[in-house]
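> Attaching a predicted model along with its sequence, questions to come.
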Amino acid sequence: MNDILNNDITESKSKDDRLKSFIERIERLEEEKSNILADIKEVYSEAKGIGYDPKIMRKVLIIRKMD
């Protein structure tokens, strides 16, 4: 009986650690995504400062994705 209880606790701890690992990975990826979105915004801003139209640039990107 004690062995069964220990196995359940060990299995539960393993699942808890695995869930924690998934959550931490997602948090890191969300942070990276946020940084990438900020970088993209900066590029659009830089292009706009030179005289390019960001709306047109977005349309070009959409068209290029279709290919």
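Received the coordinates, thanks.
> where in the protein is pLDDT low?
1-2, 4-5, 8 (pLDDT under 70).
> Longest helix in it, please.
helix 2-50 (DSSP state H).
> Just list the residues touching residue 33, thanks.
Contacts for residue 33 (CB atoms under 8 Å, 6 or more residues apart in numbering) come out as none. (Glycine included, C-beta is placed from N, CA and C.)
> Okay, angle between the helix or strand hosting residue 56 and helix 2-50 too, please.
If you go by DSSP states H and E, residue 56 is part of helix 54-66. Our comparison of helix 54-66 with helix 2-50, counting by axes from the mean of the first three to the mean of the last three CA atoms, to 10 degrees, yields an angle of 130 degrees.
> Now do helix 54-66: which elements does it pack against?
Using 3 or more CB pairs under 8 Å, 6 or more residues apart in numbering; DSSP states H and E, the elements in contact with helix 54-66 are helix 2-50.
> What is the neighbour count of the nearest residue to residue 54 once chain neighbours are set aside?
The shortest distance from residue 54 to any non-neighbouring residue, by CB to CB, 6 or more residues apart in numbering, is to residue 44 (4.4 Å). Residue 44 has 16 neighbours, counted by other CB atoms under 10 Å.
> pretty sure residue 44 contacts residue 56?
No - the pair residue 44 / residue 56 is not scored as a contact, 11.0 Å apart, by CB atoms under 8 Å.
> coming back round to it: export the helix holding residue 56 as PDB, just CAs?
The C-alpha trace of helix 54-66 is given here as PDB (Å, rounded to 0.1, in the frame of the first residue of the first chain):
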ATOM      1  CA  PRO A  54       3.800  51.000 -44.100                       C
ATOM      2  CA  LYS A  55       0.200  50.100 -45.300                       C
ATOM      3  CA  ILE A  56       1.600  49.400 -48.700                       C
ATOM      4  CA  MET A  57       4.400  47.400 -47.200                       C
ATOM      5  CA  ARG A  58       2.000  45.300 -45.300                       C
ATOM      6  CA  LYS A  59       0.000  44.600 -48.500                       C
ATOM      7  CA  VAL A  60       3.200  43.600 -50.300                       C
ATOM      8  CA  LEU A  61       3.900  41.100 -47.500                       C
ATOM      9  CA  ILE A  62       0.400  39.600 -47.700                       C
ATOM     10  CA  ILE A  63       0.800  39.200 -51.500                       C
ATOM     11  CA  ARG A  64       4.300  37.600 -51.000                       C
ATOM     12  CA  LYS A  65       2.800  35.100 -48.500                       C
ATOM     13  CA  MET A  66       0.400  33.900 -51.100                       C
END
